[in-house]
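> sequence first, then the predicted structure:
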Amino acid sequence: MEQFAYSFAITMMHSIWQMALLLLFYYAVTTVFSKWPPIAKRNLLLFVLSAQVISSLTSFYLIYSKPFLDYRENIQTLLQSLSTSQSWLQQYAPALFSLYAFGLLYKLSYAWFNWKRFNRFYKSALVKPSVDIRLFAEAKAHHFGIKRKVQVWCSAHIQSPVTFGFFKPVILLPVALVNQLNMQQTESLIVHELTHIRNNDYLFNWLLLVMDAIFFFNPFVKIAVQKIKKEREKSCDVQVLQFNYPAITYAEALLFVARQQQTKAAV
């Protein structure tokens, strides 16, 4: 167990500089290809996170496994030479691993609790939207090539549109929002949420949550996760504008959503 904990601690330390290099790679590529659409940047960031997982698994294997072939011994020596205070780390590795396991369990439990709370609270007292809204969502989902049936409901417990569910996606619209916005603005928000469904953002959101929990100590992973969220929202906004919805009308709808969220936060 001590060898496992020590190897794990070394691997997590290496993940910091590894992710820093991967982020530099991302910034270099996006600087050269500055006109890439947001969805391409999001996909590149997902590749970067995948590379981080592979790098960490490889590092752990090289540090932990014995015996090594000659070239593996050289890599192991290089990896361990990058760590400082080896004896101190080896002494306290079990305690550090226990703290890490506690932090990981807390992050995952907190996420699961929030998900259960969402299902119990926000899905209660649902209101069926107008026929026009439901028909529009169905037609646009077909236009996007979404094979799964998309449901649209209104809820008084939310302040901004929410999409959840992968196999049976559901779009929740705030009742106050639907009552205040015109049909064109409501349609633009539905297109935004349908883009999330088409891009499988709900599934990727869970993967990001797990990555953020595993590398909760790594600031560069957090930067990558936040940039993915930012680029996916940009991708949805671009899709809305491609349907020729007026930018001002769409911006007003987003502003109204933001004000609703601020009002809720101030209460």
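Nice, I can see it.
> okay, now the unreliable bits of the stretch 101-250 of the chain?
With pLDDT under 70 as the threshold, the stretch 101-250 of the chain has low-confidence stretches at 123.
> one more time with 80, if that's ok
Low-confidence segments of the stretch 101-250 of the chain (pLDDT under 80): 118-125, 176.
> what ranges do the strands span in it?
Counting by DSSP state E, counting those that start in this stretch, the stretch 101-250 of the chain has strands at residues 151-155, 162-164, 170-174.
> can you give me the buried ones in the lengthiest helix in the chain?
Ranked by number of residues, the top helix in the chain under DSSP state H is helix 86-121. Buried residues in helix 86-121, counted by 16 or more other CB atoms under 10 Å: 89, 93-94, 96-97, 100, 104, 107. Using the backbone N, CA and C atoms, a C-beta is placed for each residue, glycine as well.
> can you show me the helices along this structure?
Under the criterion DSSP H, the chain carries helices at the ranges 2-32, 38-64, 70-81, 86-121, 131-143, 175-180, 183-198, 201-214, 219-242, 247-266.
> orientation of the first one relative to helix 86-121 in degrees?
Read it as helix 2-32. Orientation note: helix 2-32 sits at an angle of 70 degrees relative to helix 86-121 (axes from the mean of the first three to the mean of the last three CA atoms, to 10 degrees).
> and helix 2-32, what other elements does it pack with?
For helix 2-32, the helices and strands in contact under the criterion 3 or more CB pairs under 8 Å, 6 or more residues apart in numbering; DSSP states H and E are helix 38-64, helix 70-81, helix 86-121, helix 219-242.
> just so I know, which of these lies nearest residue 206?
The minimum distance between residue 206 and those falls on helix 86-121, with 8.6 Å, by CB to CB.
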